[in-house]
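Pasted the sequence and its predicted model underneath.
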Amino acid sequence: MLKNNQPVHPLGTRARVLLTSVFGPYAQDDDYGSRKNNPMELYQNQVTRVQGGFSLRMFHRSFGLMMIQANLTAPCTLLDFPTLEQFRSEISRNVYDVIGISGILPNIGKVRKMCELIRQYQPTATIIVGGHIANKEDLRQTIDTDHIVRGEGVRWFQRYLGQDDQAPVHHPMATSGFGGRIMGINLGNRTGGTAAILIPSVGCPMGCNFCSTSALFGGKGNFFNFYETGDALFEVMCKMEKTLHVRSFFTLDENFLLHKTRALRLLELMQENGKSWALYVFSSARALQSYTMDQLVRLGISWVWMGLEGEESAYDKLLGTDTRALVDRLQSQGIRVLGSSIIGLENHTPENIQAVIDYAVSHDTVFHQFMLYTPVAGTPLYEKHKRDGSLLPEAEFPNADAHGQYRFNYRHPHIRDGREEQYLLQAFMEDFRVNGPSLLRMIRVLLNGWQRHRNHPDPCVRNRVFRETFPLRSIYAGAVWAMRKWYRNDPRLHQKAERLLEDIYAGFGWVPRIVALVVGRYAFFTLKREEARLAAGQTYEPRTFLEKNEAALALDKAPALGSKVLGRDRQTVAHEPSTVLTA
Ligand code: SF4
């Protein structure tokens, strides 16, 4: 059924919905498109991948699916990170009218398999596919789906199920990560210890030619706000603070600071209400520079993911910016920077690649992401390569490998024979060799923040800085002690750790001196153990989540009542043994 060109499900909010991510395990090479070098861990995948036991290991939920579920009144179950068997079990044991799958293009083999299983076990269900994979031009010929949703999915699903698509957006109350681990130590899930996930907008109007996130939500000039104003954002953040007992927010918005009116109104409200919050944001360099440092500090900007791309890369967002000076200014204020550089821009050649890497490494950001310049379907860069016929056919280069951490999916004008794989690794290794573990850098920047702002006139800033730097007296001091020992045969990094430890002792007195001895020995032991595990091939996988909204829970609790509510009988389907899901 179509209404104003939008498909509408005949059952409306009586339809039973399953939303699912693609199946794992992820950190392995398999026929469905899992790849060892493309694990489901953001940092290990593309930021700290060569840092061994120092790598930050952490998983992030499928937040798009969570956002959709939070805004549906229809009974909706969310299955996140299932195995293939868990997915098969779910669709063989329960009846669904609508099954939505979200994926990226490298997951196309998994999405295809899941569609096949749905047709087999739930032949009457409508299949909806969304996420980055939706930008693939011939997707409908490749997988057996009923609808493909390009771009923002919350409002689409509301319209599809006959709900009001202008209603205020409900935000899921969730933390930003789980399964955190570094130096072989589990980071735990202490209440309030992990930032909440906050999604103010999707898309970015800057429209950089390679940016698939921008392209997915309309490209240049386009974005979609879930929360238009600082007031609306403040309200949802207050709710998160109360529900999750958090004061830090991982702000999943492609370019949060670009929405300046909203950000400055949020700052006003934070100040009026004495909110000592920390914000971890994505921001382009130019957007960052449109604020004074004082505004950034008072707004609680503690961590920034920023595109550095490459020297002379000519992106609008970098025009007139000395990114090295900017990073230095931010990090001297305690703001941790995750810089992102591209390997394989049009002007990169085997002759200049070392200079490209040296330039990136010279930023000395706390974290550094390196990605291959990869044309992803839907982006202007993809269209350009399509026009000039330089894209590699799928038979030559499978979609599963086009994730930016392996090889080019096109013929580069200067870099040939798969050498980019080596250049990419070289960039990660050089950054690690020169600047040391990201943890060491992060602790230095935190100490900078404490030195700079511990007597800040604004109590909200003072409190935030106190909170963020409190572990310098204990576990961070111990971690630096362990790193100093770890690098006992590397004079440069040993000295870097030594100096940092001395500065911590100078700042915090005798407590860290004693604690560092105990914690440091333990951290050194766990680090050694972790290195041994990794050398033996240890990988990590996210646990599986099965979550139901109120309407789905009501159906489970009272199937008879559920039948009445739905106005029809629940069907039974072929039953397979139940798989235990951890939730
Ligand atoms: S500024 Fe960043 S988020 Fe925006 S389009 Fe460019 S790469 Fe994408």
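That came through fine.

Show me which residues of this structure are close to the ligand?
Cys204, Met206, Gly207, Cys208, Cys211, Thr213, Ser214, Glu254, Asn255, Ser284, Gly307, Lys317 (CB under 6 Å from any ligand atom). Glycine gets a C-beta too; all of them are placed from N, C-alpha and C.

Keep only those of those residues that are in helices.
If you go by DSSP state H, those have Thr213, Ser214 in helices.

Find me the pLDDT at Pro577, would you?
As predicted, Pro577 sits at a pLDDT of 29.

err, Arg407, not the other one
At Arg407, pLDDT is 97.

Ok, Asp556 next?
Among the per-residue scores, Asp556 holds a pLDDT of 89.

Could you report the separation of it from Ile185?
38 Å (CB to CB, to the nearest Å).

Could you check which of these two has the larger neighbour count?
Ile185 (18 against 12; other CB atoms under 10 Å).

Am I right that that one is in contact with Phe524?
No. Ile185 lies out of contact with Phe524 (CB atoms under 8 Å); the separation is 11.1 Å.

so where does Val337 fall, helix or strand?
Per DSSP states H and E, Val337 falls inside strand 336-343.

Break down the stretch 151-300 of the chain into its helices, ranges please.
Using DSSP state H, counting those that start in this stretch, the helices of the stretch 151-300 of the chain run over 154-160, 212-216, 230-244, 260-272, 285-289, 293-298.

Mind checking the pLDDT average for the third one?
Looking back up the chat, that one is helix 230-244. Average pLDDT, helix 230-244: 98.

what do you get for the fourth one?
For helix 260-272, the mean per-residue pLDDT is 98.

swap in the second one?
Taken as a whole, helix 212-216 carries a mean pLDDT of 95.

and it, how far from the chain's centre?
15 Å (CA atoms, centre = their mean, to the nearest Å).

ok, and what's touching it?
Contacts with helix 212-216, where a contact means CB atoms under 8 Å, 6 or more residues apart in numbering, come from 132, 134-135, 150-151, 202-208, 220, 222, 254, 376-380.

Then the longest one?
Outside helix 230-244, the residues within contact range by CB under 8 Å, 6+ apart are 168, 171, 173-175, 191-192, 196, 198, 200, 227, 246-247, 249, 261-270, 273, 275, 277.

Can you mark which positions in the helix or strand containing Arg533 are buried?
Assigned by DSSP H and E, Arg533 belongs to helix 510-535. Neighbour-count burial for helix 510-535 flags Pro512, Val515, Ala516, Val519, Gly520, Tyr522, Ala523, Phe524, Thr526, Leu527, Glu530, Glu531 (criterion: 16 or more other CB atoms under 10 Å).

which residues in the stretch 301-450 of the chain form strands?
Along the stretch 301-450 of the chain, counting by DSSP state E, counting those that start in this stretch, strands occupy 301-309, 336-343, 367-372.

swap in the stretch 51-200 of the chain?
Here the stretch 51-200 of the chain has its strands, by DSSP E, counting those that start in this stretch, at 57-59, 76-80, 98-102, 126-130, 147-149, 178-182, 185-186, 196-198.

Turn these into TSV, including mean pLDDT.
Formatted as TSV, these follow (pLDDT from 0 to 100):
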stretch	mean pLDDT
strand 57-59	98
strand 76-80	98
strand 98-102	98
strand 126-130	98
strand 147-149	97
strand 178-182	96
strand 185-186	96
strand 196-198	98
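
right, and those - which one's nearest Leu338?
strand 57-59 (13.1 Å; CB to CB).

Can you name the residues in contact with that closest one?
The contact list for strand 57-59 (CB under 8 Å, 6+ apart) reads 40-44, 81, 177-182, 187, 540, 542.

Please identify, among the residues you listed, the one with the most neighbours.
Neighbour count (other CB under 10 Å) singles out Glu41 as the most crowded of the contacts of strand 57-59, with 27 neighbours.

Looking at that residue now. What's its pLDDT?
With respect to pLDDT, Glu41 scores 97.

Now for it: which residues touch it?
Glu41 makes contact with Ala27, Arg57, Met58, Phe59, Tyr540 under the criterion CB under 8 Å, 6+ apart.

Show me the two of those that sit farthest apart.
Greatest spacing in the contacts of Glu41, by CB to CB: Ala27 and Met58 (13.5 Å).

before we move on, the earlier item: can you lay out the strands of the stretch 51-200 of the chain as CSV showing distance to Leu447?
Below are the strands of the stretch 51-200 of the chain laid out as CSV (distance: least, CB to CB, whole Å):
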stretch, distance to Leu447
strand 57-59, 23
strand 76-80, 37
strand 98-102, 40
strand 126-130, 43
strand 147-149, 46
strand 178-182, 18
strand 185-186, 20
strand 196-198, 26
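
can you list the strands of the stretch 301-450 of the chain in CSV and add distance to Asn549, mean pLDDT and mean neighbour count?
Supplementary listing: the strands of the stretch 301-450 of the chain in CSV, determined by distance: least, CB to CB, whole Å; pLDDT from 0 to 100; neighbours: other CB atoms under 10 Å:
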stretch, distance to Asn549, mean pLDDT, mean neighbour count
strand 301-309, 31, 96, 25
strand 336-343, 33, 98, 24
strand 367-372, 34, 98, 23
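
Now the residue in the stretch 1-150 of the chain that the ligand sits nearest to: closest residue in space that isn't a chain neighbour?
When scored by CB to the nearest ligand atom, the stretch 1-150 of the chain has His132 as its residue closest to the ligand, at 12.9 Å. Nearest residue to His132 in three dimensions, chain neighbours excluded: Ile104, at 4.4 Å (CB to CB, 6 or more residues apart in numbering).

and if you look at Met429?
Val50 (5.2 Å).

tally of neighbours for that neighbour?
17.

Just list the residues touching it, thanks.
Counting by CB under 8 Å, 6+ apart, Val50 has contacts Leu425, Phe428, Met429, Phe432.

Then Val202?
Shown in contact with Val202 (CB under 8 Å, 6+ apart): Glu152, Thr213, Leu216, Phe217, Phe223, Phe224, Phe226, Asp253, Glu254.

at 7 Å instead, please
Glu152, Phe217, Phe223, Phe224 (CB atoms under 7 Å, 6 or more residues apart in numbering).

Which member of the residues you listed is positioned nearest the ligand?
Closest approach to the ligand among the contacts of Val202 (CB to the nearest ligand atom): Phe223, at 9.0 Å.

any idea how far Gly218 is from the residue nearest to that closest one when sequence neighbours are not counted?
Counting by CB to CB, 6+ apart, Phe223 lies nearest to Gly203, which is 3.6 Å off, once chain neighbours are set aside. Per CB to CB, Gly203 is found 6 Å from Gly218.

of those two, who's got more company?
When neighbours are counted by other CB under 10 Å, Gly203 and Gly218 differ, and Gly203 comes out ahead with 24 against 18.

mind putting the helices of the stretch 151-300 of the chain in JSON lines, mean neighbour count included?
Formatted as JSON lines, the helices of the stretch 151-300 of the chain follow (neighbours: other CB atoms under 10 Å):
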{"stretch": "helix 154-160", "mean neighbour count": "22"}
{"stretch": "helix 212-216", "mean neighbour count": "23"}
{"stretch": "helix 230-244", "mean neighbour count": "18"}
{"stretch": "helix 260-272", "mean neighbour count": "17"}
{"stretch": "helix 285-289", "mean neighbour count": "21"}
{"stretch": "helix 293-298", "mean neighbour count": "18"}
